[in-house]
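How does the following fold in three dimensions:
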Amino acid sequence: MQLPFNTQPPLFKQVCVIGLGLIGASLAQAIKDNHLSERLVAVDRHLPSIDEAIQHGLLDAGGTVLSDVVSGSDLIVIAVPVQAVKAVFVDIKNAMDNGQLATDCMITDVCSTKVNIIEAAQAVFTTLPTGFVPAHPIAGAENSGYHARRATLFANHSVIICELPTSNPSAIANLRQLWEAVGATVMSMDAEHHDAILAHTSHLPHLLAFNLVEQLASHDDNLDMFRYAAGGFRDFSRIAASDPKMWHDIFFANQSAIVSALDEYGVYLQTMRQLIIDKDSTALMGLLGRAQAARRHFGHMLASTPYTDTSAMSASYNITPSNTVSGTITIPGDKSISHRSIMLGSLATGVTNVTGFLEGEDALATLQAFRDMGVSIEGPDKGKLTIHGVGMNGLKPSKTPLYMGNSGTSMRLLAGILAAQSFDSVLTGDTSLNKRPMERVAAPLREMGAVIQSTGHSGTAPLSITGRDNVGKPLQGAEYDMPVASAQVKSCLLLAGLWAKGTTTVIQPEVSRDHTERMLSAFGYPVIVDGNRISVEGGGTLTGGDIAVPADISSAAFFMVAAAISQGSELTLTQVGINPTRTGIIDILKLMQADISLSNETHVGGEPVADITIRSSSLKGIDIPEYLVPLAIDEFPVLFIAASCAQGRTVLTGAKELRVKESDRIAVMADGLQTLGIDCTVTEDGLIIEGQGIQSQNGEVNNNQPVFGGGHITSHHDHRIAMSFAVASLRASKQITIEGVETVNTSFPGFAELANQIGMSIQVNQGDA
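Below you'll find the model as predicted:
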């Protein structure tokens, strides 16, 4: 990695590095290469390293004694083993006392323990110097010493600074600027917390690696053990090649925290030993599955990104126009039902087996959240899951905030479940999700007695939820009249009502998705539906069973519209869920005179399913009935594509809900349509689209003429926006490029491949994130 050339004046007049091992020499090289100091000097007991560094032009001067070179330095970097630091402090104090160093000279270190370094400074100086700012770069390499130095060693690595009450703010700022200039990411942490964290994440792994190699080396057949060691052993034991003296000192310097980490590790190791002895397959699979998922999950959580990185819009579609689609295809499992199968299966008594589970990013976020709360879940493996339910009161507090990625469904439904638990919880998500409104669930939950805090004036995530043990009483059943039909709000309150005292009733102004009600019934929990009033009584139980997730009609919608707007097309989508609260897409397309037929209708897991066949159609513009809006709320982006290809005007009203999805879908779709040459007008609660379709002649569909031009579309990382404009390519005159398509994996992994299978031409470009 080439660091940017520094064009600013040097930060320091003279930097003195004490210790030219890997870290000290690498930092010296980075300071030199980035022109961060007018002069650079060093001290090291190994004189050949000093001489060589001077010959290489790295140092302006150097020696084995501090007093010989330190005069005039305004920054001293201590890069010696931790046990040698106190003696260095004595030399620095002597230099200050004799006037070689200013008393406010900056002093920092690179040691991996901090409490003992501060205690050593306190013992030597009595009053800590104002320029003293302890630090620790989290970087290293298998080789050590001066010759292993790399100026880029710290690039894209973290550096922890321990800001002391005695530290001069300008010293802290200058040290931060130094580390950032060599490519590091700087964070602050108090010394005690630093040592505890590093004991677990760095010191313990090194100790275990040394011990494992020692264990194998002591065997009589050690040669065969090392000869046939697999990659896992080599990867794990690599760090045992580190400097023994350095780690000897670290283990003693951070004794208390390391012993505590060892004791905790011993408990976990004993637990695993017993599981193996007992041949407890379920518990062992749960432990291994949680560990595997957590290893993958923590990276996304810490970066506040969805499982697929969207921060740099690193993927795009380049789509060449095509005009016909045909075939018989299977659509991935329903996202809404996949979410709920995890939630209710985890809360049930007994085992729940799920088939057809959507292995998309959103549903995986829900799965991980319940693993974090102690639920053992096997899979997913080709859509199959086995959930070992913990019962209504068996969830455990997560040790970290529950990370929802980009999934609003996960966050809003889990808010209802967690509001009733005994323990405190925090729900967070990626940058996009953390901007979306959460008061729509938080406010009615508070009416039930929940203590829940949203963020900022606009009431977004993260959400902090206080457990019932700290509140002192259970949730109370309530009656809530929803101002806007929303399946997420309704489901949140019904799920909270499972633990509430008394009856919880939700009144919806229009019918919305009823997957929660259906699945509660499938798990044996009574739900009372009286028109638009849905009620549950608290205190019941859920019983595990088999759940078959049907194909997602929201995902099928893209292909339904693709076949309707193209020429000579006939497409069959097998076993798609046709829940009557989700079939607004079919009803609206039929009102637009689309040629759609259903066959092989049956029920799977309490949900109605059917094969859907759609053929090329002469679509007509319509005024979309408002009662259908909640039944097609997620399908409107692709319905806007259909409306653009219809004859005449299409008017949508009553769709404010679209403005608070993954993006403002009304505004974003309007922008994209206008880019492609469509005349459309945004209204307060909808959109007016002037269709460009051509009148059919002699009853023949005429979908040959392009409706859209070509262009560059920004999806705003909204998966449905991206897929909708991909469908538009079937009636485009030129290539369409869509940026930011990574989030398609949240709901429809494999979309581009399936689209190409039926005749579209989508090229996926993976850029540099």
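
Show the pLDDT at S432.
If you check S432, the pLDDT there is 78.

same thing with the one 10 residues further on?
Per-residue confidence at A442 stands at 96 (pLDDT).

May I see the buried residues of the helix or strand encompassing it?
A442 belongs to helix 439-447 when assigned by DSSP states H and E. Across helix 439-447, burial judged by 16 or more other C-beta atoms under 10 Å covers 440-442, 444-445. For the C-beta atoms, the positions are set from N, CA and C on the backbone; glycine is no exception.

residues making contact with that helix?
With contact meaning C-beta atoms under 8 Å, 6 or more residues apart in numbering, helix 439-447 is reached by 412, 415-416, 419, 450, 452-454, 459, 463, 478, 480, 486, 488-489, 492-493, 496.

now do stretch 498-505
Against stretch 498-505 from outside (C-beta under 8 Å, 6+ apart): 347, 392, 420-421, 448, 474-480, 493-494, 496-497, 525, 533-540.

Can you flag the buried ones in the contacts of helix 439-447?
Buried subset of these (neighbour count, 16+ other C-beta under 10 Å): 412, 415-416, 419, 450, 452, 454, 459, 463, 478, 480, 486, 488-489, 492-493, 496.

Restricted to helices, list the residues you listed.
Applying DSSP state H to the buried ones among the contacts of helix 439-447, the entries found in helices are 412, 415-416, 488-489, 492-493, 496.

what's the farthest-apart pair in these?
Greatest spatial distance in those: Q488 and A496, 12.7 Å, computed using C-beta to C-beta.

thinking again about what came up before, adding distance to L223 as columns, could you present the buried residues of helix 439-447 in TSV?
TSV is the format used below for these (distance: C-beta to C-beta, whole Å):
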residue	distance to L223
R440	66
V441	63
A442	64
P444	68
L445	64
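
what's the next secondary structure element after the helix-or-strand element of the chain with minimal mean pLDDT?
Within the chain, confidence by mean pLDDT, DSSP states H and E is lowest for helix 281-303 among all helices and strands, at a mean of 64. As assigned by DSSP H and E, the chain's next helix or strand after helix 281-303 is strand 315-319.

Following element in sequence after that following strand, please.
Counting by DSSP H and E, the next helix or strand C-terminal to strand 315-319 is strand 326-330.

Just the CA atoms of that following strand, as CSV, please.
Extracted in CSV, the C-alpha atoms of strand 326-330 (Å, rounded to 0.1, in the frame of the first residue of the first chain):
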residue,chain,number,x,y,z
SER,A,326,-39.4,-17.2,-20.9
GLY,A,327,-39.1,-20.3,-18.9
THR,A,328,-40.2,-21.8,-15.6
ILE,A,329,-38.2,-20.7,-12.5
THR,A,330,-38.2,-21.0,-8.7
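
That one pairs with which strands, and in what direction?
strand 570-577 (parallel) (DSSP bridges).

Quick one: residues in contact with the partner strand.
325-331, 334, 337, 550-553, 556, 559-560, 562-563, 600, 604, 607-616, 758.

and if we set it to 7 Å?
The contact list for strand 570-577, computed with C-beta atoms under 7 Å, 6 or more residues apart in numbering, reads 325-331, 334, 550-553, 556, 559, 563, 607, 609-615, 758.
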